[in-house]
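S.K.: attaching a predicted model along with its sequence, questions to come.
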2 protein chains.
Amino acid sequence: MAFQTFPYAVLHAFAEQVFLKMGCPEAQAREAAAVLLSADLRGVDSHGVARLSGYVRLWKGGRVNAAPAIKIVHESPSTATMDGDAGLGLVVAPAAMRKAMEKARIAGTGWVAVSNSNHFGIAGCHAMMALEEDMIGIAMTNASPLVAPTFSIERLLGTNPIAVAIPAGAEAPFVMDMATTTAANGKLEILQRKNEPAPAGWIQDQQGNITTDQHGVKKGGALLPLGGTREQGSHKGYALGAMVDIFSAVLSGASYGPWVPPFVSFLPVADDMPGKGLGHFFGAMRIDAFRPAADFKLHMDQWVRRFKQAETTEGQEAVIIPGEPEAKMSVERMQQGIPLIDAVVSDLQELAAAMELAPIA
Amino acid sequence: MAFQTFPYAVLHAFAEQVFLKMGCPEAQAREAAAVLLSADLRGVDSHGVARLSGYVRLWKGGRVNAAPAIKIVHESPSTATMDGDAGLGLVVAPAAMRKAMEKARIAGTGWVAVSNSNHFGIAGCHAMMALEEDMIGIAMTNASPLVAPTFSIERLLGTNPIAVAIPAGAEAPFVMDMATTTAANGKLEILQRKNEPAPAGWIQDQQGNITTDQHGVKKGGALLPLGGTREQGSHKGYALGAMVDIFSAVLSGASYGPWVPPFVSFLPVADDMPGKGLGHFFGAMRIDAFRPAADFKLHMDQWVRRFKQAETTEGQEAVIIPGEPEAKMSVERMQQGIPLIDAVVSDLQELAAAMELAPIA
């Protein structure tokens, strides 16, 4: 597949310009661009600048408020419920995570449920904000319904990711960031571009049979919860996805289950939505609310080293610590640039023209 | 398989007597018996009275303190770290969950990390304590190392379960309670008793190859993280199990990873343990710290009903709400008694004789 490589700064500046054109206040445009680009840096290409035009279409469709008044609608010493005022999730999520951390500074932990938001980029980026203050960060969100619960042929859940970021000492932090499905939708998009079949266990067809057709979801099928089949534990992936939906939306007052507004702007929004927009849920826990941070970090280092030194199966180099490949990729791409496939470059150039911005170069 | 059925009260009284003989204070013996029996009621037969003699062996081996002084070693407004004083997990866990709920009453949420504990029965039982006060309950624990992380042939994690209990209104609560492996060890024990092979994706052999040998773990293999294989997302199950280990033990000061003391009393305990005993982690979140409980429950009911009414795959009656089958089983077994297979009955009668108690009848 042909691709071109661009420096981080170029893509960040471009995304920032696009958000400014949409009418985002300066600080929000800068932050939204940074959140978006964090996906490209970490190698989650499906969630980075490849989605920029999707956000613009949502805004054009009147579903994104470029200058939201994000507000607290309910709170307790360790919690808050926020209304994102239909803002970009890329802006609403960091604001909510900051609130969770603010609560944690005083109460030990902070937990924030958010309604009336939109797609927030990669969950890991928000969870990782907590690392700067020696906190554990947690981020989750519901998403467009693409996933069938075990035993169902209806799409009732999104890929509903969970991210957990845990600081270490000398070792890199532990950062898990996972869709609660066997495979994230982005993984399927890659197979579609390559015209390769999907492994059995990723998707089912319209009748609920396992299919390897990489276009099966578009044909009325569904993504499968982590586990794939009942025998392989798909009821657990379903339960995790359901938990994310409930924490993100039933707790916050957002829409849930099949009523979650779709990211794709031309798809209709349900007219009987039970809540407002997408929902997210964030947590921040001060390490020293449990034990001195220095002790914790020593033991995290020992934990990480023991796992990295584990004896491997044949042909594998080492056990991977969650977040390790993404951290390496981040450093590499910050230095060497971010490769974008031609289809994404064309899409961005068209966007530049439509928004009367200079093409990226 | 031959079995006999006993009334709940008979088995509870028997377990209580056994704990009293061990030297547990009266209230603790009663509570430990109730926690143990909650597994039998809910149909998780591997974690109920079938394990009673295992707890006794741990106590005889000097690894369980029958009269622990459970204490708080660190706290903040929304958190506490507790030392279980080597007590039965069946007693330490409810004490810690009560502390989490006490914190939540004032701070909105409460989070308790526990070290120096032992096997705590089923996670769901502890999480469900929160339901009585319109709170969401969360319980997790690390466990004897039986699980190989993705790409490894070493057993570095336990089946590390996560339970989340969420109240509803007219509908039954949502209660997920899942091992972070494809299949819990108890599921494997059932296949061993029936002499049936394990489905591919549950376990690997000593070299890390998928095996259907139901005795594969005993032969030096390992249970697999939820997902089973890398392609099917086992790195996600591994990350979840790792998170449970870190929250339960690195945060609390308990032993973690391969150093978790085994439940089987004749297996040696590592002499370089990095912490004390097993670790658990509990959470309690007041619903009304986020939104009025009545609103939440209305929406939970709508959530549950929508999922129950979903169109099913052929041959399936309905989508199952997590905890629904266990709640039904609980009512049924409370009324009709608890069936125990002959091997478990013999084991209990031997235990009765050894502890100079009347046989169960």
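M.R.: Received, thanks. Numbers count the residues shown, from 1 in each chain, chains lettered A, B, ... in the order given.

S.K.: mind checking the SS state of the residue lying closest to residue A:91 once chain neighbours are set aside?
M.R.: Residue nearest to residue A:91 in three dimensions, not counting chain neighbours: residue A:28, with 4.7 Å by Cβ to Cβ, 6 or more residues apart in numbering or on different chains. Bear in mind the C-beta positions are built from the backbone N, C-alpha and C, glycine included. Here residue A:28 is recorded as helix under DSSP: H, G, I helix; E, B strand; the rest coil.

S.K.: what sits against residue A:28?
M.R.: A:19, A:67, A:87-88, A:91 (Cβ atoms under 8 Å, 6 or more residues apart in numbering or on different chains).

S.K.: out of those, who's nearest chain B?
M.R.: Relative to chain B, the closest of these is residue A:87; by Cβ to the nearest Cβ it sits at 19.6 Å.

S.K.: quick check on the closest one: phi, psi?
M.R.: phi -70, psi 170 (degrees, to the nearest 10).

S.K.: next structured bit after the helix or strand containing residue A:32?
M.R.: Per DSSP states H and E: residue A:32 is located in helix A:26-42. Next in sequence after helix A:26-42, counting helices and strands by DSSP H and E, comes helix A:52-60.

S.K.: the helix or strand just after that following helix pairs with which strands, and in what direction?
M.R.: Toward the C-terminus, helix A:52-60 is succeeded by strand A:71-76 as the next helix or strand (DSSP H and E). Here strand A:71-76 has these sheet partners by DSSP bridges: strand A:79-83 (antiparallel).

S.K.: got the contact list for the partner strand?
M.R.: Strand A:79-83 is contacted from outside by A:70-75, A:92, A:95-96, A:99-100, A:103, A:110-116, A:251-253, A:276, B:108-109, B:285-286, B:289-291, using Cβ under 8 Å, 6+ apart.

S.K.: so how far is that strand off the chain centroid?
M.R.: With Cα atoms, centre = their mean, to the nearest Å as the basis, strand A:79-83 stands 19 Å off its chain's centre.

S.K.: just the CA trace of the next helix or strand after it, in PDB.
M.R.: Beyond strand A:79-83 on the C-terminal side, the first helix or strand identified by DSSP H and E is helix A:89-107. C-alpha atoms of helix A:89-107 as PDB (Å, rounded to 0.1, in the frame of the first residue of the first chain):
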ATOM      1  CA  GLY A  89     -15.400  14.200  22.400                       C
ATOM      2  CA  LEU A  90     -11.800  15.100  21.800                       C
ATOM      3  CA  VAL A  91     -12.300  18.200  23.900                       C
ATOM      4  CA  VAL A  92     -15.000  17.000  26.300                       C
ATOM      5  CA  ALA A  93     -13.000  13.900  27.400                       C
ATOM      6  CA  PRO A  94      -9.800  15.800  28.500                       C
ATOM      7  CA  ALA A  95     -12.000  18.300  30.400                       C
ATOM      8  CA  ALA A  96     -13.800  15.400  32.200                       C
ATOM      9  CA  MET A  97     -10.500  13.600  32.900                       C
ATOM     10  CA  ARG A  98      -9.100  16.800  34.400                       C
ATOM     11  CA  LYS A  99     -12.100  17.000  36.700                       C
ATOM     12  CA  ALA A 100     -11.600  13.400  37.800                       C
ATOM     13  CA  MET A 101      -8.000  14.200  38.600                       C
ATOM     14  CA  GLU A 102      -9.000  17.400  40.500                       C
ATOM     15  CA  LYS A 103     -11.400  15.300  42.600                       C
ATOM     16  CA  ALA A 104      -8.700  12.600  43.200                       C
ATOM     17  CA  ARG A 105      -6.300  15.200  44.500                       C
ATOM     18  CA  ILE A 106      -8.600  15.900  47.400                       C
ATOM     19  CA  ALA A 107     -10.700  12.700  47.800                       C
END
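
S.K.: quick one, the next helix or strand after helix A:89-107 and strand A:79-83 angle?
M.R.: Of the helices and strands lying after helix A:89-107 in sequence (DSSP H and E), the nearest is strand A:109-117. With axes from the mean of the first three to the mean of the last three Cα atoms, to 10 degrees applied, the angle from strand A:109-117 to strand A:79-83 works out at 10 degrees.

S.K.: just checking, what packs against strand A:109-117?
M.R.: Contacts defined by 3 or more Cβ pairs under 8 Å, 6 or more residues apart in numbering or on different chains; DSSP states H and E place strand A:109-117 against strand A:79-83, helix A:89-107, strand A:278-286, strand B:109-117.

S.K.: in stretch A:254-265, which residues are buried?
M.R.: A:254-263, A:265 (16 or more other Cβ atoms under 10 Å in any protein chain shown).

S.K.: first-to-last residue distance for it?
M.R.: 18 Å (Cα to Cα, to the nearest Å).

S.K.: could you pull up the mean pLDDT of it?
M.R.: For stretch A:254-265, the mean pLDDT works out to 93.

S.K.: over to stretch A:132-139?
M.R.: 98.

S.K.: buried set for that stretch?
M.R.: Buried residues in stretch A:132-139 (16+ other Cβ under 10 Å): A:135-139.

S.K.: which of those are close to chain B?
M.R.: When contact is defined as Cβ under 8 Å from any Cβ of the partner chain, the buried residues of stretch A:132-139 do not meet chain B at all.

S.K.: from the buried residues of stretch A:254-265, which single one is nearest residue A:121?
M.R.: Using Cβ to Cβ, residue A:263 comes nearest to residue A:121 of the buried residues of stretch A:254-265, at 11.4 Å.

S.K.: assign the closest one to helix, strand or coil.
M.R.: Residue A:263 - assigned by three-state DSSP - is coil.

S.K.: mind listing what the spatially closest residue to residue A:120 that is not a sequence neighbour touches?
M.R.: Counting by Cβ to Cβ, 6+ apart, residue A:120 lies nearest to residue A:89, which is 3.1 Å off, once chain neighbours are set aside. Counting by Cβ under 8 Å, 6+ apart, residue A:89 touches A:117-121, A:141, A:278, A:280.

S.K.: try 6 Å this time
M.R.: Contacts of residue A:89 were listed using Cβ atoms under 6 Å, 6 or more residues apart in numbering or on different chains, and they are A:117-120.

S.K.: go through the helix holding residue A:32 and flag the buried ones.
M.R.: A:28-42.

S.K.: chain center to it, what's the gap?
M.R.: Centroid separation for helix A:26-42 versus its chain: 13 Å, with Cα atoms, centre = their mean.

S.K.: now do the residue nearest to residue A:136 when sequence neighbours are not counted: how many residues are near it, please.
M.R.: Nearest-residue entry for residue A:136: residue A:285, 4.5 Å, with adjacent residues in sequence omitted and distances by Cβ to Cβ, 6+ apart. Counted with other Cβ atoms under 10 Å in any protein chain shown, the neighbours of residue A:285 add up to 29.

S.K.: which pLDDT does the model give residue A:285?
M.R.: Looking at residue A:285, the pLDDT reads 99.

S.K.: so it bridges to which residues?
M.R.: residue A:109, residue A:136.

S.K.: check contacts around it.
M.R.: By Cβ under 6 Å, 6+ apart, the contact list for residue A:285 reads A:109, A:135-136.

S.K.: returning to that earlier point: tell me the two of the buried residues of stretch A:132-139 that are most distant?
M.R.: Within the buried residues of stretch A:132-139, two members stand farthest from each other by Cβ to Cβ: A:135 and A:139, at 12.3 Å.

S.K.: who in the stretch 151-300 of chain A is up against chain B?
M.R.: Listed as neighbours of chain B in the stretch 151-300 of chain A under the rule Cβ under 6 Å from any Cβ of the partner chain: A:151-154, A:156, A:164, A:166, A:176, A:178, A:182, A:199, A:201, A:208, A:226, A:228, A:231-233, A:236, A:239, A:243, A:246, A:250-251, A:256-257, A:274, A:289-291, A:299-300.

S.K.: what's the PyMOL line that selects buried ones from the residues you listed?
M.R.: Filtering those down to the buried ones (16+ other Cβ under 10 Å) takes a single PyMOL command:
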select buried, chain A and resi 151+152+153+154+156+164+166+176+178+182+199+201+208+226+228+232+233+236+239+243+246+250+251+256+257+274+289+290+291+299+300
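
S.K.: who's the closest spatial neighbour of whichever residue of the stretch 251-361 of chain A sits closest to chain B, skipping the chain neighbours?
M.R.: Here the residue of the stretch 251-361 of chain A nearest chain B is residue A:313; by Cβ to the nearest Cβ that distance is 3.3 Å. Once flanking residues are discounted, residue A:313 sits nearest to residue B:208: 3.3 Å by Cβ to Cβ, 6+ apart.
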